[in-house]
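**Student:** I would like the atomic coordinates for the input below:
(one chain, ligands or ions: 1)
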Amino acid sequence: MAQYTRVSGSVGLITLQSPPVNALSAAVRQGIVDSMQRALSEPEVKSVVICGQNGIFSGGADIKEFGGQMSGPPLIPMIHAIEAASKPVVAAIEGIALGGGLELALGCHYRIAHSKARVGLPEVTLGLLPGAGGSQRLPRLIGVPAALDLITTGRYVTAAEALKFGLVDQITDHNTVNVAVKFAQRVAGQPLDARRISTYPCLCPPDVDVLFEEVMQRVRRTARGAIAPIACVQAVRAAATLPYNQGMERERELMATLFTSGQTRALQYFFFAQRAVGRWSMPSGARWDTSKPRPVHKAAVIGLGTMGRGITVALAQAGFSVVAVETQEKQLMEAKQAISGMLERGAKRRGVAPALDKINYGCNIQSVADVDLVIEAVFEDMALKKKVFQQLSAVCKPGTFLCSNTSGLDIDQLACQTRNPELVVGMHFFAPAHVMKLLEVVYGPKSSPLAVATAMQLGKKIGKVSVAVGNCRGFVGNRMLKPYLEQALFLLEEGATPEFVDQVLEEFGFAMGVFRMSDLSGLDVGWKVRMADGLAVPNPTTGQATRLRQGRRYSPLGDLLCEQGRFGQKTGRGWYQYNKPGSQVAKPDPWLHSFLDEYRARHTLVARRIDHQEVLERCLYSMINEGFRILEDGIAAGPEDIDVIYVFGYSWPRHRGGPMFYATTVGLNKVLERLEHYHQAHPDVPSLQPCDLLRKLVGSGSPPIQKWREVIKKVRSQL
Ligand SMILES: CC(C)(COP(=O)(O)OP(=O)(O)OC[C@H]1O[C@@H](n2cnc3c(N)ncnc32)[C@H](O)[C@@H]1OP(=O)(O)O)[C@@H](O)C(=O)NCCC(=O)NCCSC(=O)C[C@@H](O)CCCCCCCCCCCCC(=O)O
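**Tutor:** Numbers count the residues shown, from 1 in each chain. So this is what the prediction gives:
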């Protein structure tokens, strides 16, 4: 709702009241319409101020309303009525004015912002465009180039930047509402024609066509199939080329297309999923709201390879004191140099001082004795990690949390090496750890809610999206990656090429196809794991047994490449060839194609034509099936956890919502039916066998994803 009061005798003050972010719900819009009518009809009132309660102007349209039948006064006519008002209307912007909130402010005649406020049009991130006149008013106010930037990226700008653009008229460090009220008194009675943005001409730079072309190309290149960024460019082009009313009509048409597209539904789901993962729970019943974290002031990182360096940078940049340990003096010096460089480059980008003094380097594990939390990031070797945990347990002060950055080893085994297994959790970062947003916080059977809460909070403080997951081989992300990689290899055996598989996956929206991704992360990583598991055997004999290991179909293709020293980008050869080791430009490799031909001939495999559909279905549905197993096993609390992990950690296209949401868009019954089909064709591939939870969900009429938890609970209770 909105509250109307009269202040200072002549100013009508409209306060938006819809916690937590004063979203423009039907009740708020009704309140604004009613209050405006009152303000315009009261003769004592000479001007109006619109503000939001609790220091927040507005977070924009109420996203929750988008899913259902819209009611209440529509936003566009409401904003038009404000702009057309005969008395000056001033927006008093505190906190945030985003999306529809900023569009409301653009309909006002003046905008006063607090110096700490941020404004923006983030609709593109929800698969929409600023559809309440924002795409038409913003370019008229701040010019086409700046408007294109804000609208196509959705980025928020500070009040100072907004002032520079001319987006706000004044900024203040004082009470914004008081300043706005005084301002409103001053401008009362002044002519308003020159303050109505919709009447402004849209000033374009001389090379505006070139600009639109360039932006469109950039947007197409980076959108990975998302349609909203393209519609945003088209809407701003309409502002630049059409009269306001026609521009608004174009905005409406484009918005209608976006509004009914699956992409906006996926992105809205994802918006709430990101917030849902913060409300973590454990099978024991421990939850985010009943488990208090302990403050961490000083942390340590053990092992300064690629991951350890990134983690150290992430911690130092967030203001934590860090003890960085590497046992070999030479490696320590190299790491110190690399970390300093990373900090300096990051600081330069952000215009701040590098946090070099936050880090103390040491060769001795004793130097972590007084820290609150340790993150072990040594080589992925269980015996080595166990030794480190034994040492840490002996050295660290009582109560120190001991965390491992393992990407899939058993947290419980590590916990067992320590005196206080309840203080042990996994903190699985993704490379590069100072850049990637995702953190899997892994709890074992002994991990305490205190340890989970502390790791989750630390993750948040260093800017990560943290997802709490249970302990199993590969946790959530890498566990689901296994069937995906496996299917990709099987497809090569059956006739596909790495280029074709990658092309299909990249067209789907992945930043990189599976083979390019393997080349980037290094083929040797998985090879070592398979050797440790007894799967990769050097010089296997030819014949059927080579492709059957531990009772199931196995493809040794990756192992064979590694045996040739083809580890991917770092060696200049992998599934592709590269100009030199370390180069990132992947080129098809004729050697690889002959190798595949010879391999197929050796194993009497006849290459067949494989189409897009089969690549997508086998790679994605097998991964999704594993996701259902993860839910069934209680490793992830809900589908949102899996989807957030896949979007932030594995470049799953956000506009498809994540693998589990994607399954709902395909139709769970179709996923089930196709898995059954492929499992029949490949009975020796267990990952294609549909899991019980998927069957149960289909049997329950494929409820919406928000209702899955109820079915999951039932399935778990029956297990
Ligand atoms: C606001 C934030 C920056 C706050 O961040 P913070 O970290 O402090 O807190 P949280 O993110 O955890 O949020 C707290 C809490 O609030 C919920 N929430 C936040 N924003 C919204 C919102 N806008 N709506 C609803 N709920 C919101 C959030 O979910 C949390 O609650 P939870 O229970 O989940 O923990 C940050 O939250 C943020 O960035 N928010 C999003 C801001 C945003 O994206 N705003 C834009 C919204 S879209 C919009 O405004 C659209 C408008 O341009 C115009 C719409 C016009 C509509 C007209 C419809 C036309 C339809 C066309 C069809 C035509 C058919 C035809 O013509 O034929």
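**Student:** Tell me how far residue 67 lies from the ligand.
**Tutor:** Distance of residue 67 to the ligand, given as Cβ to the nearest ligand atom, to the nearest Å: 11 Å. From N, CA and C alone the C-beta is placed, and that goes for glycine too.
**Student:** Show the contacting residues for that residue.
**Tutor:** For residue 67, the contact set (Cβ atoms under 8 Å, 6 or more residues apart in numbering) comprises 265, 268.
**Student:** Neighbours of whichever residue of the stretch 301-450 of the chain sits closest to the ligand, how many?
**Tutor:** Closest residue of the stretch 301-450 of the chain to the ligand, Cβ to the nearest ligand atom: residue 437 (14.2 Å). Using other Cβ atoms under 10 Å, residue 437 is surrounded by 15 other residues.
**Student:** same question, residue 118
**Tutor:** 18.
**Student:** partners of the nearest residue to it once chain neighbours are set aside in the sheet?
**Tutor:** Excluding the flanking residues, the one nearest residue 118 by Cβ to Cβ, 6 or more residues apart in numbering is residue 156, at 4.4 Å. For residue 156, the beta-bridge partners are residue 120 (DSSP bridges).
**Student:** for this structure, where's the lowest mean pLDDT among helices and strands?
**Tutor:** None of the helices or strands of the chain scores lower by mean pLDDT, DSSP states H and E than strand 548-549, at a mean of 82.
**Student:** pLDDT wise, what is the closest residue to the ligand within the chain at?
**Tutor:** When distances are taken as Cβ to the nearest ligand atom, the chain reaches nearest to the ligand at residue 99, 2.5 Å away. Looking at residue 99, its pLDDT stands at 98.
**Student:** so it sits right up against residue 121, yeah?
**Tutor:** Yes: assessed by Cβ atoms under 8 Å, residue 99 is found in contact with residue 121 at 6.1 Å.
**Student:** show me what contacts residue 167?
**Tutor:** Counting by Cβ under 8 Å, 6+ apart, residue 167 touches 111, 119, 138, 141-142, 157.
**Student:** sec struct for it, please.
**Tutor:** Recorded secondary structure, residue 167: coil (DSSP: H, G, I helix; E, B strand; the rest coil).
**Student:** Next up, phi/psi of residue 55, please.
**Tutor:** phi 70, psi 20 (degrees, to the nearest 10).
**Student:** Neighbours of it, how many?
**Tutor:** Per other Cβ under 10 Å, the neighbour tally for residue 55 reads 16.
**Student:** Would you state the predicted confidence (pLDDT) at residue 161?
**Tutor:** Model confidence at residue 161, given as pLDDT, is 97.
**Student:** Give me the distance between it and residue 71.
**Tutor:** As judged by Cβ to Cβ, to the nearest Å, residue 161 and residue 71 stand 36 Å apart.
**Student:** Quick check on these two: which one has the bigger neighbour count.
**Tutor:** Shown here are residue 161 and residue 71; by other Cβ under 10 Å, residue 161 has more neighbours (16 against 12).
**Student:** so where does the more buried one fall, helix or strand?
**Tutor:** Residue 161 is part of helix 159-165 when elements are defined by DSSP states H and E.
**Student:** List the buried residues of that helix.
**Tutor:** 159, 161-163, 165 (16 or more other Cβ atoms under 10 Å).
**Student:** Farthest pair within those?
**Tutor:** Within the buried residues of helix 159-165, 159 and 165 form the most distant pair, 10.7 Å apart (Cβ to Cβ).
**Student:** Tell me which residues of the helix or strand that the helix holding residue 161 is followed by come out buried.
**Tutor:** Per DSSP H and E, the first helix or strand lying C-terminal to helix 159-165 is strand 170-172. Of the residues in strand 170-172, 171-172 count as buried by neighbour count, 16+ other Cβ under 10 Å.
**Student:** Residue 163: what's it in contact with?
**Tutor:** So residue 163 contacts 113, 170-171 (Cβ under 8 Å, 6+ apart).
**Student:** re earlier: the least confident helix or strand of the chain - contacts with which helices or strands?
**Tutor:** With contacts defined as 3 or more Cβ pairs under 8 Å, 6 or more residues apart in numbering; DSSP states H and E, strand 548-549 has no helix or strand neighbours.
**Student:** CA-only coordinates of stretch 521-534 in PDB, if you can.
**Tutor:** Taking C-alpha atoms only, stretch 521-534 is exported to PDB below (Å, rounded to 0.1, in the frame of the first residue of the first chain):
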ATOM      1  CA  SER A 521      40.300 -27.800 -17.100                       C
ATOM      2  CA  GLY A 522      42.800 -30.400 -18.100                       C
ATOM      3  CA  LEU A 523      42.100 -34.000 -19.100                       C
ATOM      4  CA  ASP A 524      44.700 -35.300 -16.600                       C
ATOM      5  CA  VAL A 525      42.500 -34.300 -13.600                       C
ATOM      6  CA  GLY A 526      39.800 -36.800 -14.300                       C
ATOM      7  CA  TRP A 527      42.400 -39.400 -15.600                       C
ATOM      8  CA  LYS A 528      44.100 -39.400 -12.200                       C
ATOM      9  CA  VAL A 529      40.800 -39.900 -10.400                       C
ATOM     10  CA  ARG A 530      39.800 -42.800 -12.800                       C
ATOM     11  CA  MET A 531      43.200 -44.400 -12.200                       C
ATOM     12  CA  ALA A 532      42.800 -44.100  -8.400                       C
ATOM     13  CA  ASP A 533      39.400 -45.700  -8.900                       C
ATOM     14  CA  GLY A 534      40.900 -48.600 -10.900                       C
END
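**Student:** ok so, going back, distance of the residue of the stretch 301-450 of the chain closest to the ligand relative to residue 269?
**Tutor:** Per Cβ to Cβ, residue 437 is found 18 Å from residue 269.
**Student:** Format the contacts of residue 167 as JSON lines; extra columns: pLDDT.
**Tutor:** Below are these laid out as JSON lines (pLDDT from 0 to 100):
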{"residue": "111", "pLDDT": "98"}
{"residue": "119", "pLDDT": "98"}
{"residue": "138", "pLDDT": "98"}
{"residue": "141", "pLDDT": "98"}
{"residue": "142", "pLDDT": "97"}
{"residue": "157", "pLDDT": "97"}
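**Student:** partners of the least confident helix or strand of the chain, with directions?
**Tutor:** Paired strands of strand 548-549, with direction, are strand 552-553 (antiparallel) (DSSP bridges).
**Student:** mind listing what's buried in the helix or strand that the partner strand is followed by?
**Tutor:** Sequence order places helix 557-563 as the next helix or strand after strand 552-553, per DSSP H and E. Neighbour-count burial for helix 557-563 flags 557-562 (criterion: 16+ other Cβ under 10 Å).
**Student:** check contacts around the most centrally placed residue in the chain.
**Tutor:** With distances taken as Cα atoms, centre = their mean, residue 648 lies nearest the centre of the chain, 4.2 Å away. Counting by Cβ under 8 Å, 6+ apart, residue 648 touches 430, 436-438, 465.
**Student:** Spatially nearest residue to it, not counting backbone neighbours?
**Tutor:** Leaving aside its chain neighbours, residue 648 sits nearest to residue 438 (3.8 Å; criterion: Cβ to Cβ, 6+ apart).
**Student:** my guess is the one you found meets residue 462, correct?
**Tutor:** No: Residue 438 is not in contact with residue 462 according to Cβ under 8 Å; the separation is 11.9 Å.
**Student:** doesn't residue 97 fall inside a helix?
**Tutor:** No: counting by three-state DSSP, residue 97 falls outside a helix, being strand.
**Student:** mind checking how far it is from residue 143?
**Tutor:** Distance, residue 97 to residue 143, by Cβ to Cβ: 19 Å.
**Student:** So for these two, which residue has more residues nearby?
**Tutor:** A direct count of neighbours by other Cβ under 10 Å for residue 97 and residue 143 places residue 97 higher, at 34 against 17.
**Student:** Show me what the more buried one bridges to in the sheet.
**Tutor:** In this entry, residue 97 is beta-bridged to residue 58, residue 119, by DSSP bridges.
**Student:** which residues touch it?
**Tutor:** Shown in contact with residue 97 (Cβ under 8 Å, 6+ apart): 57-58, 91, 104-105, 113, 117, 119.
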